[in-house]
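A.B. asks: here are the coordinates; sequence isn't available:
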Ligand SMILES: C[C@H](O)[C@H](O)[C@H]1CNC2=NC(N)=NC(=O)C2=N1
């Protein structure tokens, strides 16, 4: 099982992620798109990297907004897997 990160490690790594917040042991970002179709197109782009990583975000879609939360459920908090996936998601438009 992936190792939980320390508070210091979380703080350091979160500072490198633009637009993400840390709350309740999760990384979170909300992206806003032109419309529902573009929001769904973005969500579909999350499939491949998530499957490749074997690590999957929690996704909430509200019309043109997509809220993404990443945490390691198996470990009960934030691990390196979460920051790695968040960095990949940050590159997707
Ligand atoms: C067996 C499978 O690899 C695990 O259940 C994976 C699947 N995807 C996952 N995704 C996330 N975000 N957290 C996990 O703990 C997790 N576990």
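C.D. replies: Cool, got the structure. Predicted model, so just to flag it, every value in this text is computed and none were measured.
A.B. asks: Any residues of the chain in contact with the ligand? List them.
C.D. replies: The interface of the chain toward the ligand, taken as Cβ under 6 Å from any ligand atom, is made up of 54-56, 70-74. In short, each C-beta sits where N, CA and C put it, glycine included.
A.B. asks: need the helices for this protein, in chain order.
C.D. replies: Counting by DSSP state H, the chain has helices at residues 7-14, 36-45, 47-53, 80-90.
A.B. asks: Among those helices, which comes closest to residue 66?
C.D. replies: Distances from residue 66 to each of the helices of the chain were compared using Cβ to Cβ; the shortest belongs to helix 36-45, at 5.2 Å.
A.B. asks: Buried residues in the closest one, which are they?
C.D. replies: Of the residues in helix 36-45, those buried by neighbour count under the rule 16 or more other Cβ atoms under 10 Å are 39, 42-43.
A.B. asks: what's the answer for stretch 52-63, then?
C.D. replies: Under the neighbour-count criterion of 16+ other Cβ under 10 Å, stretch 52-63 has 55, 57 buried.
A.B. asks: burial of residue 91, as a residue count?
C.D. replies: Summarising burial for residue 91: neighbours were counted as other Cβ atoms under 10 Å, giving 7.
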